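> Just the structure for this:
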Amino acid sequence: MQSMTGFGRGTHSTDEWTASVEASSINRKQAEIVVNLPRALQTLESSVRQAILPHISRGRVQLAIKLEKPEGAVSDQIRISPALARSFESAFSDLSLIIGRQLLPTPTDFLRQPGILEIGESDAIDHEQAWEAISPALGQAIANLNSMRAAEGKHLQEDFLARLGQLMAFTQTIAGHAPSRPARQRELLLKRLSDLGLPLEMDDERLVREIALFADRCDISEELTRLHSHFAKFHEYLHSTEPSGRSLDFLCQELFREFNTIGSKANDALIAQTVVEAKTELEKLREQIQNIE
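Numbering: from 1, shown residues only. Modelled structure (predicted):
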């Protein structure tokens, strides 16, 4: 079981390049991959996606990939944009006229302006050489990302098991209380009839029929059976090595439906209160399940 949130970093150097990759992920219903590559390497985006997809089934994964010359290497890939530099200087002149005083750009202003002077990023980069550095760094980043996701998933699994145990305890309370309801209903009917001056014998056919109808109308044995079946499946998914977030979310909806039905059939204060508590716990459980892959 894995969480959908995590972070991982990877680096790898070859004779030509040093690649660094940072991978972060957050919750999403579907798999969504966002790749930030240097402009000169945009054609590698498809390769990056293909390398990641086998490891991600849900969640939004964002990748930041940097490519630099190894430490100590001197880059001769320097590009200057004369047109952008002239346009930048012209903008200062226009601004001077607007505010009524002279403004002169400094060398630092030019260096800070993106695109005027670029170092280490060229359209002439050999993509095969670049991929030799990026691919191992990417694999390392994804491995570290999934390691963090697995660690958080373990903590969530423990929380889910505790909440599942609480739901099973609520169900046991309901199941233990349900059989006594027809007898209590019979006593209630007899008391009401007696208060109205219409006493009936305990074995009166009309009373027996009314109690039988009540017992049938309020029977929750099927709901209890389905709850136990859902609990068993829930436990199975919690220990599965496959992504189970969607399946767990579906089971939460089914559990909610069964508790709702029991609550509507209950006609009993204790069962109704227990159902409310179970649904509250179930809402907390379902909220946490949104973090699971």
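
> How about the backbone phi and psi for M4?
phi -90, psi 0 (degrees, to the nearest 10).

> What segments of the stretch 51-200 of the chain are helices?
Secondary structure of the stretch 51-200 of the chain (DSSP state H, counting those that start in this stretch): helices at 82-99, 107-112, 127-177, 181-195.

> who wins for proximity to R58 among those helices?
For these, distance to R58 was read as Cβ to Cβ. The smallest value, 10.6 Å, belongs to helix 127-177. No exception for glycine: its C-beta is placed from N, CA and C like everyone else's.

> helices or strands next to that closest one in the packing?
strand 6-13, strand 18-26, helix 45-52, strand 59-68, helix 221-238, helix 245-266, helix 269-289 (3 or more Cβ pairs under 8 Å, 6 or more residues apart in numbering; DSSP states H and E).

> what's the angle from that helix to helix 269-289?
Direction vectors for helix 127-177 and helix 269-289, defined by axes from the mean of the first three to the mean of the last three Cα atoms, to 10 degrees, enclose an angle of 170 degrees.

> low-confidence ranges in this structure?
Applying pLDDT under 70 to the chain flags the ranges 71-78, 119-124, 180-217.

> Show me the domain layout of it.
Annotated domains of the chain cover 6-74+122-148, 78-119, 152-289 [automatic domain parsing].

> want to throw the helices and strands packed on helix 127-177 into a markdown table with mean neighbour count and distance to N146?
Shown next, in a markdown table, are the helices and strands packed on helix 127-177 (neighbours: other Cβ atoms under 10 Å; distance: least, Cβ to Cβ, whole Å):
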| stretch | mean neighbour count | distance to N146 |
| --- | --- | --- |
| strand 6-13 | 18 | 7 |
| strand 18-26 | 21 | 9 |
| helix 45-52 | 15 | 11 |
| strand 59-68 | 20 | 10 |
| helix 221-238 | 16 | 18 |
| helix 245-266 | 18 | 15 |
| helix 269-289 | 16 | 19 |
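
> Throw the ones you listed into CSV and include distance to I116, thanks.
Rendered in CSV, the data for those read as follows (distance: least, Cβ to Cβ, whole Å):
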stretch, distance to I116
strand 6-13, 29
strand 18-26, 25
helix 45-52, 26
strand 59-68, 20
helix 221-238, 56
helix 245-266, 47
helix 269-289, 50
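
> do you know which of these lies nearest Q157?
Comparing these by Cβ to Cβ, helix 221-238 comes nearest, at 5.7 Å.

> list the helices and strands that closest one packs on?
Counting by 3+ Cβ pairs under 8 Å, 6+ apart, the packing neighbours recorded for helix 221-238 are helix 127-177, helix 245-266.

> In a markdown table, list these along with distance to K284.
A markdown table is the format used below for these (distance: least, Cβ to Cβ, whole Å):
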| stretch | distance to K284 |
| --- | --- |
| helix 127-177 | 7 |
| helix 245-266 | 10 |
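
> Minimum distance to D94: which of those has it?
Comparing the helices and strands packed on helix 221-238 by Cβ to Cβ, helix 127-177 comes nearest, at 40.2 Å.

> Other residues contacting stretch 156-164?
Contacts made with stretch 156-164 from outside it, assessed by Cβ atoms under 8 Å, 6 or more residues apart in numbering, are listed as 1, 3, 231, 234-235, 238, 248, 281, 284-285, 288-289, 291-292.

> Quickly check those residues for the two that are furthest apart.
S3 and F231 (22.6 Å).

> doesn't I142 make contact with H55?
Yes: at 5.3 Å, H55 counts as touching I142 under the criterion of Cβ atoms under 8 Å.
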